[in-house]
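*Asks:* the following block contains a protein sequence and its predicted model.
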Amino acid sequence: MEIQITTRNMELTDDIYEYVHKKLDREEKFARDIVEAHVIIDTVKHHVYTAEVSLLGKDVTFYAEAEGETPFAAIDLVMDKIDKQLRRHKERIKGRKHKLSPRQALAETQLAPEAAPEETSDEEVVKVDKFEPKPMHPDEAIELFKLSNDDLLMFVNSETNRINVLYRMRDGRIGWVEPEY
């Protein structure tokens, strides 16, 4: 993990440098996907220090800030917050492992991806997927869609009992199509 330490209105001492590295090394063992760490330690008032920590991973970012009477106290408080975020994230991922993976869940909803049209040319329909849409709460559908790499998810909205479509826009945001009769 690459660690960048910035201090404002104070000098970076060897003790602070080693303390930050010691704390972040512990986090690296807990979350191996963390690639970079940015730490900012600042003196706000005469005896008030703030510490900000940003951990950048492959697919996730963690951020926290805290104040303390000493730089070490501020670092301890901010690392407690980061610990809590990392634990929640790890529990969320662990909980998903027992469930179906997003790809498996999508594959289950696509029950019969068989039978391409009999007469097709290169300019017409190339593939037909038949499936029975799974009734889902919109929040569940959004979460499933975020976890998948697919560009489209069709589902039955359990609140309205109508077919809805989630799609990934070119800028990465999610679009939603909901029929209105």
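*Replies:* Great, that's in hand.
*Asks:* residues contacting Thr6?
*Replies:* Counting by Cβ atoms under 8 Å, 6 or more residues apart in numbering, Thr6 touches His38, Val39, Ile40, Ile41. The C-beta positions use only the backbone N, C-alpha and C, and glycine is treated the same way.
*Asks:* hey, what's it bridged with?
*Replies:* Ile40 (DSSP bridges).
*Asks:* any idea how far it lies from Thr50?
*Replies:* From Thr6 across to Thr50, the span is 12 Å (Cβ to Cβ, to the nearest Å).
*Asks:* which residue is nearest the middle of the chain?
*Replies:* Nearest to the mean C-alpha position of the chain, by Cα atoms, centre = their mean, lies Val60 at 4.6 Å.
*Asks:* spatially nearest residue to that one (excluding sequence neighbours)?
*Replies:* Leaving out its chain neighbours, the residue that sits closest to Val60 by Cβ to Cβ, 6 or more residues apart in numbering is His89, at 6.5 Å.
*Asks:* check the one you found and give its pLDDT.
*Replies:* Note on His89: pLDDT of 79.
*Asks:* and if you look at Glu67?
*Replies:* Reading off the model, Glu67 has pLDDT 92.
*Asks:* so who does it touch?
*Replies:* Glu67 makes contact with Val44, Val48, Tyr49, Thr50, Ala51, Ala74, Leu77, according to Cβ under 8 Å, 6+ apart.
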